[in-house]
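Take a look and give me a structure for this.
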Amino acid sequence: MGAQTAIDSRLPKLTRQYRSWCIDSIRWDYVNPREDDIIVTTSYKAGTTWMQGIIANLIFAGNEPPAPVGQLSPFVELRIMPLEIVLSEIEQQRHRRFLKTHLPMDAFRFDPRLRYVYVGRDPRDVFMSLWNHHSSYTREVSVLMNTLPGRVGPEKPECPEDIHVFWRDWITRSLFEWESDGYPYWSHLRHVQSWWNYRHLPNILFVHYADLLADLEGGMRRVANFLEIKLPESVWATMVRNCTFAEMKAHGNRYAPPDIDNIFEGGSQTFFHKGTNNRWREVLTPPELAQYEGRGRPRADAGMLALARTREETVIWLGGA
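Okay, the predicted model is just below:
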């Protein structure tokens, strides 16, 4: 009994609810997990769809999935997707399921039977991608997010015209009282730290966006090994090609979230924007970069910052893993 208690004490506990104009963490209470489920988790704009595409290719051996990946792998806590439809569609799946979440670890009901793939990315690159995302919502979806019953907290704010105003809000304001940044979404740094705190658990794999850019096939093989998916060598060239940014963007509606044309101006071509890192170098000013350094480092341990910092700055990546 004592040993079991010691093990349990090291497992994550659900202690928070994240409910806003965008998400509602309570929706996960209605998901019936299967013991071979895969959960793709990021804060946001850190390679979520890329990893969903990778896992779809691994599950279906490079063949076209039976439905668009965004439908097979739903963003469960997203409020604008009718929960009844989401639950019905995932319950009907007979293949191995892979679901998506942007919830911090303390807002998620952790299940030791499942496999979790966490994708990290430099926060400055996350911010640049988030700017494209937040500034591209259609007017119709913004109205829906604000008027849909069940919203908790303030309405979705209009996107400022100036990216530097958006940066100031994102790095200094919070939508939730227990966070200090991330407005009008949630804190990227706190999200990463909440998962990194449980890096000792064998069913969580940390993957870095920069590593996928540097060696896509190597990263895909690492994910396949973690998920215990064994595939013939003959399918790997097709799978790797399928998962390049150019190929995923060319077939955007196959990978993007459902109803993407009504969510973003420009549809999937806006959603798949650049797929690159370091665009922030030409945008963020020295004071803004100092602001990032000042807010990030004091609240994050050295290991977690390996997830947060750029590849060339990282001396030790996940303790050498």
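
The stretch 101-250 of the chain: strands as residue ranges?
In the stretch 101-250 of the chain, the strands defined using DSSP state E, counting those that start in this stretch lie at 115-120, 204-208.

neighbouring contacts of the first one?
By CB atoms under 8 Å, 6 or more residues apart in numbering, the residues outside strand 115-120 that reach it are 36-42, 46-48, 50-51, 55, 192, 195, 203-209, 223, 226-227, 307-308. Where you see a C-beta, it was placed from the backbone N, CA and C, and this is true even at glycine.

What's the end-to-end length of stretch 277-289?
Start to finish, the residues bounding stretch 277-289 are 15 Å apart (CA to CA, to the nearest Å).

could you give me the average pLDDT of that stretch?
Stretch 277-289 carries an average pLDDT of 86.

buried ones in that stretch?
Across stretch 277-289, burial judged by 16 or more other CB atoms under 10 Å covers N277, R279, W280, L284, E288.

from these, which two are the most distant?
Spanning the widest gap among the buried residues of stretch 277-289 are N277 and E288, at 17.1 Å by CB to CB.

what stretches of this protein score poorly on pLDDT?
Within the chain, the stretches with pLDDT under 70 are 1-9, 251-253, 256-262, 264-276, 295-321.

centroid residue for it?
Centroid-nearest residue in the chain: T42, 2.6 Å away (criterion: CA atoms, centre = their mean).

got the contact list for the nearest residue to D29 once chain neighbours are set aside?
Spatially, and ignoring its direct neighbours in sequence, D29 is nearest to R109 (7.4 Å; CB to CB, 6 or more residues apart in numbering). Contacts of R109 were listed using CB under 8 Å, 6+ apart, and they are L14, W28, D29.

Among the residues you listed, which one sits closest to P184?
P184 lies nearest to W28 out of the contacts of R109, by CB to CB, at 21.5 Å.

Could you export the buried residues of stretch 277-289 as TSV, including distance to V152 and secondary structure?
Shown next, in TSV, are the buried residues of stretch 277-289 (distance: CB to CB, whole Å; DSSP: H, G, I helix; E, B strand; the rest coil):
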residue	distance to V152	secondary structure
N277	34	coil
R279	33	helix
W280	31	helix
L284	32	coil
E288	31	helix
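
and of those residues, the nearest to E89?
Closest to E89, out of all of the buried residues of stretch 277-289 and judged by CB to CB, is N277, at 33.4 Å.

burial count for the closest residue to that closest one other than its chain neighbours?
Distances taken as CB to CB, 6+ apart place D125 nearest to N277, at 4.8 Å, with adjacent residues excluded. Look at D125: counted by other CB atoms under 10 Å, it has 21 neighbours.

residues in contact with D125?
Counted by CB under 8 Å, 6+ apart, D125 has contacts Y209, N277, N278, R279, W280, T310.

can you tell me how far the fifth one sits from P286?
Applying CB to CB, to the nearest Å, one obtains 12 Å for the distance of W280 from P286.

same thing with the fourth one?
Distance of R279 to P286, computed by CB to CB: 17 Å.

now do the second one
Here N277 is placed at a distance of 19 Å from P286 (CB to CB).

before we move on, what about the first one?
When CB to CB is the yardstick, Y209 and P286 sit 24 Å from each other.

Using PDB, list the CA coordinates for stretch 94-106.
The C-alpha trace of stretch 94-106 is given here as PDB (Å, rounded to 0.1, in the frame of the first residue of the first chain):
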ATOM      1  CA  ARG A  94     -12.400   1.500 -34.600                       C
ATOM      2  CA  HIS A  95      -8.700   2.300 -35.400                       C
ATOM      3  CA  ARG A  96      -6.300   3.500 -32.700                       C
ATOM      4  CA  ARG A  97      -7.500   7.000 -31.600                       C
ATOM      5  CA  PHE A  98      -5.400  10.100 -31.400                       C
ATOM      6  CA  LEU A  99      -7.000  13.100 -29.700                       C
ATOM      7  CA  LYS A 100      -5.800  16.700 -29.300                       C
ATOM      8  CA  THR A 101      -5.700  19.000 -26.300                       C
ATOM      9  CA  HIS A 102      -4.200  22.300 -25.400                       C
ATOM     10  CA  LEU A 103      -4.900  21.900 -21.700                       C
ATOM     11  CA  PRO A 104      -2.200  22.300 -19.000                       C
ATOM     12  CA  MET A 105      -1.500  19.100 -17.100                       C
ATOM     13  CA  ASP A 106      -3.400  20.300 -14.000                       C
END
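
Tell me which residues of it come out buried.
For stretch 94-106, the neighbour count (16+ other CB under 10 Å) marks R96, R97, F98, L99, K100, T101, H102, L103, P104, M105, D106 as buried.

Could you look up the SS state of the fourth one?
Under the three-state scheme (DSSP: H, G, I helix; E, B strand; the rest coil), the conformation of L99 reads as strand.
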